[in-house]
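S.K.: Sequence and computational prediction follow.
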Amino acid sequence: MISSNRCSFLSNTGLVGCSRSSGLQTKRLVPFRVECLASSSSSGGDRKLRAVMETIADVDNNQTVAGGVQDVYGEDKATEDHFVTPWSVSVASGYTLLRDPHFNKGLAFTDKERDAHFLRGLLPPTSISQETQVKKVLQHIRQYQLPLQKYTAMMNLQETNERVFYKLLIDHVEELLPVVYTPTVGEACQKYGSIYMRPQGLYISLKEKGRILEVLKNWPEKDIQVIVVTDGERILGLGDLGCQGMGIPVGKLSLYTALGGVRPSACLPITIDVGTNNELLLNDELYIGLRQRRATGQEYSELIHEFMTAVKQNYGEKILIQFEDFANHNAFDLLEKYRSTHLVFNDDIQGTASVVLAGLVAGLKFIGGNLSDHRFLFLGAGEAGTGIAELIALETSKQTGAPVEEVRKNIWLVDSKGLIVSSRGESLQHFKRPWAHEHEPITNLLDAVKKIKPTVLIGTSGQGKTFTQEVVEAMAEINERPIVLALSNPTSQAECTAEEAYTWSKGHAIFASGSPFAPVEYEGNVFVPGQANNAYIFPGFGLGLIMSGTIRVRDDLLLAASEALASQVTQEHFDKGLIYPPFKDIRKISAHIAAKVAAKSYELGLATRLPQPKDLVEHAESCMYTPAYRRYR
């Protein structure tokens, strides 16, 4: 091995430098490896010689978390006034640089940069700013009439100029969030086979069983901090979309970056393809996944376990794995199985619960009363419903000191067979049994509302139009200010619309939904419906875990995230009918959530990045990725 503590012979080539110090700052040499293979012959036969050269990159000693990933080339430490070098495997130049979405700047390359990186003639002579590029792209996207066309345009932009994509999304988040995420991403997944142009994540199928670690090593980025993974069996409220569920991990991780500031290169979307039971897809010549029915039982469990083991082996103890859109029968079991050995988080169970709890806490702050004063009725007893119910119970127990088993008695769930009651006994799935209370059987939602008399009605059924006029009117008759949350996605699956909720309740309902609805005018008053979107929680939650080096997710961290989000709702917001703050402030909100989550992690002894920063909000903001262009040298 050729190495040097102070200098490298490679410094003579001008590729690298030597360790040096000044009165202002100290720099250090960070090694990375370049391996060369050669063959030679001897009397003993052919043998291979491996020459390993250690080269060095010059970066500052004062590290920043930068979204949780060590940045060898100093890019995240640079400001817009500092120069950086666009490294990939080597210095990116010419046509290759223009085709690299991480470093491409399009017409924003300056004359000096065009000379330094052999771009002369490859671009028109005009140089324009990033702000002008954003304006141009936004005008282009707004010309499309169909949401799916806008989605496709945004995905193409992400694959050609990453920084413009994220700057556009950050600057116009309220307009573009429904394009890159719900509800449009649902249609994108349904049609993924026909719109698929290039891979945007990692596909692991049954064909890779026994080789998953090898597959993970094929991903070009090595310093991964967060993985969003799905098996595509329960995509939103649309059911089994198999391999085409990849749109969900891609969309979620775009929001991790845009809303939570986690660096794009630290994010890895993964789809595990075990087949699909969707006959339409199996017979579709454009379907991109395995053409077989879903693997189940031991075959499925072994593949997932190999995946979880390989991820930890390849990326370490602090890699965050977010489960997304797994079916109920797998989601609960996977979360329970791996929560004690991995840093795992199920957004459908835990993220949804956290954002809904935040909305309830914020709403009660203004209408009065505590969680213990209210009675909750859910339509839907799957991942989302039971996850929300349990977090409400935990927060109520925390506030009152009463046992969780006792406070659960104020929370009732209705599934496809009616109210969940004790007499249904052993026929219930295990995750529903804590919610089986003593009561006569009730088979429909309207009767349940009249008998239970809830103050809060929550829909997580995935079934549209189930909060009928009779149901909403019954809620308004029982309560002066009924809270109605129609959370199912996409919009077509919402239990009721905002207009229906406000009209049927005569303007008295406090309403929020999973998908966005436009403001509603009723009798001269304009109501702005809130959106109980998981995007309020998971980006900031993930940033908090990453920047603190948390090794396990505990329920107290979810409660901290809920409380942080609720604290951002003001009287001004509530007067407009909102129980969530506007999305235009989402990066500030995410920084506060990250700070609260990190603080709780340090308190519980789950954090490994020591010492704890004095100002966690300021630290969170300093860790967030910004998509402004860097100047290249």
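M.R.: Everything's here; your move.

S.K.: Look at the closest residue to residue 513 other than its chain neighbours and say how many residues are nearby.
M.R.: Spatially, and ignoring its direct neighbours in sequence, residue 513 is nearest to residue 486 (4.8 Å; CB to CB, 6 or more residues apart in numbering). Heads up, the C-betas are built off the backbone N, CA and C, glycines and all. Neighbour count for residue 486, taken as other CB atoms under 10 Å: 32.

S.K.: so who does residue 486 touch?
M.R.: 459, 467, 494-497, 501, 511-514 (CB atoms under 8 Å, 6 or more residues apart in numbering).

S.K.: Mind checking which of those residues land in helices?
M.R.: Among those, the ones falling in helices (DSSP state H) are residue 501.

S.K.: contacting residues around the residue positioned nearest the centre of the chain?
M.R.: Centroid check for the chain by CA atoms, centre = their mean gives residue 252 as the closest residue, at 3.7 Å. Contact analysis of residue 252 by CB under 8 Å, 6+ apart lists 181, 228, 269, 322, 324, 347, 538.

S.K.: Could you rerun that using 10 Å?
M.R.: Under the criterion of CB atoms under 10 Å, 6 or more residues apart in numbering, the neighbours of residue 252 are 180-181, 185, 226, 228-230, 267, 269, 322, 324-325, 347, 351, 534-535, 538-539, 542.

S.K.: where does it land in three-state SS?
M.R.: When classified by DSSP: H, G, I helix; E, B strand; the rest coil, residue 252 comes out as helix.

S.K.: For it, give its distance to residue 589.
M.R.: Distance, residue 252 to residue 589, using CB to CB, to the nearest Å: 17 Å.

S.K.: for the residue nearest to residue 313 when sequence neighbours are not counted, what are its contacts?
M.R.: In space, and not counting its chain neighbours, residue 313 is closest to residue 213: 6.2 Å by CB to CB, 6+ apart. With contact taken as CB under 10 Å, 6+ apart, residue 213 is in contact with 306-307, 309-311, 313-314.

S.K.: can you do 7 Å?
M.R.: Applying CB atoms under 7 Å, 6 or more residues apart in numbering, we find residue 213 in contact with 310, 313-314.

S.K.: cool, residue 109 as well?
M.R.: 119, 123, 127.

S.K.: Please check those and keep the buried ones.
M.R.: Buried members of the contacts of residue 109, counted by 16 or more other CB atoms under 10 Å: 119, 127.

S.K.: what's stretch 425-434 in contact with?
M.R.: Contacts of stretch 425-434 (CB under 7 Å, 6+ apart): 332, 381, 386, 408, 413, 415, 420, 436.

S.K.: quick check, distance from that stretch to the centre of its chain.
M.R.: 30 Å (CA atoms, centre = their mean, to the nearest Å).

S.K.: Kindly report the same for stretch 538-550.
M.R.: 11 Å.

S.K.: In strands, which of the contacts of residue 252 appear?
M.R.: 226, 228-230, 267, 269, 322 (DSSP state E).

S.K.: of all the residues you listed, which comes closest to residue 559?
M.R.: Nearest to residue 559 among those, counting by CB to CB, is residue 322 at 18.4 Å.

S.K.: Quick one: residues in contact with the helix or strand hosting residue 311.
M.R.: Secondary structure from DSSP states H and E places residue 311 in helix 297-315. Here helix 297-315 makes contact (CB under 7 Å, 6+ apart) with 204, 206, 209, 212-213, 216-217, 224, 227, 272, 274, 319, 321, 334, 338, 342.

S.K.: filter those to the buried ones?
M.R.: Buried among the contacts of helix 297-315 (16+ other CB under 10 Å): 204, 212, 216, 224, 227, 272, 274, 319, 321, 334, 338, 342.

S.K.: For the third one, give me its contacts.
M.R.: For residue 216, the contact set (CB under 7 Å, 6+ apart) comprises 310-311, 314.

S.K.: and it, what are its phi and psi?
M.R.: phi -60, psi -40 (degrees, to the nearest 10).

S.K.: ok, it to residue 313 distance?
M.R.: For residue 216, the distance to residue 313 - CB to CB - is 9 Å.

S.K.: try the second one
M.R.: In this view, residue 212 and residue 313 are 10 Å apart by CB to CB.

S.K.: now the fourth one
M.R.: If you measure residue 224 against residue 313 using CB to CB, the figure is 13 Å.

S.K.: The last one now?
M.R.: With distances defined as CB to CB, the gap from residue 342 to residue 313 amounts to 11 Å.

S.K.: Got the domain ranges for the chain?
M.R.: 1-30+32-91, 178-341, 350-535 (automatic domain parsing).

S.K.: Any chance of those domains in a markdown table with distance to residue 560 and mean pLDDT as columns?
M.R.: A markdown table is the format used below for the domains of the chain (distance: least, CB to CB, whole Å; pLDDT from 0 to 100):
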| stretch | distance to residue 560 | mean pLDDT |
| --- | --- | --- |
| domain 1-30+32-91 | 18 | 43 |
| domain 178-341 | 15 | 95 |
| domain 350-535 | 9 | 94 |
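
S.K.: Now these in CSV, please, with extra columns for distance to residue 599.
M.R.: Output for the domains of the chain, formatted as CSV (distance: least, CB to CB, whole Å):
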stretch, distance to residue 599
domain 1-30+32-91, 15
domain 178-341, 17
domain 350-535, 16
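
S.K.: Quick one: closest of these to residue 623.
M.R.: That would be domain 1-30+32-91 among those, by CB to CB, at 4.3 Å.

S.K.: before we move on, the earlier item: looking at the contacts of stretch 425-434, which are in strands?
M.R.: 413, 415.

S.K.: so where do the helices sit in the stretch 401-550 of the chain?
M.R.: Assignment of helices within the stretch 401-550 of the chain using DSSP state H, counting those that start in this stretch yields the ranges 404-407, 445-452, 469-478, 498-504, 538-548.

S.K.: deepest of those, which one?
M.R.: helix 538-548 (a mean of 31; mean count of other CB atoms under 10 Å).

S.K.: any idea which helix or strand comes after that helix?
M.R.: helix 555-566.

S.K.: elements contacting that following helix?
M.R.: helix 352-367, helix 383-400, helix 586-604 (3 or more CB pairs under 7 Å, 6 or more residues apart in numbering; DSSP states H and E).

S.K.: for the ones you listed, which one sits closest to residue 132?
M.R.: Here helix 586-604 is closest among the helices and strands packed on helix 555-566 (CB to CB), at 22.6 Å.

S.K.: what inclination does the closest one have with respect to helix 352-367?
M.R.: Going by axes from the mean of the first three to the mean of the last three CA atoms, to 10 degrees, helix 586-604 is angled at 100 degrees with respect to helix 352-367.

S.K.: Can you list the buried residues in the helix or strand just after helix 586-604?
M.R.: Per DSSP H and E, the first helix or strand lying C-terminal to helix 586-604 is helix 616-623. Applying a neighbour-count criterion of 16+ other CB under 10 Å, one finds 616-617, 619-623 buried in helix 616-623.

S.K.: Need those in TSV (columns: distance to residue 377 and pLDDT).
M.R.: Listed next are those as TSV, based on distance: CB to CB, whole Å; pLDDT from 0 to 100:
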residue	distance to residue 377	pLDDT
616	37	97
617	37	97
619	41	97
620	37	97
621	40	96
622	44	95
623	41	94
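
S.K.: would you turn those into JSON lines with distance to residue 607?
M.R.: Shown next, in JSON lines, are the buried residues of helix 616-623 (distance: CB to CB, whole Å):
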{"residue": "616", "distance to residue 607": "11"}
{"residue": "617", "distance to residue 607": "16"}
{"residue": "619", "distance to residue 607": "12"}
{"residue": "620", "distance to residue 607": "13"}
{"residue": "621", "distance to residue 607": "18"}
{"residue": "622", "distance to residue 607": "17"}
{"residue": "623", "distance to residue 607": "14"}
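
S.K.: Go through those and name the one nearest residue 604.
M.R.: Nearest member of the buried residues of helix 616-623 to residue 604, counting by CB to CB, is residue 616, at 14.5 Å.
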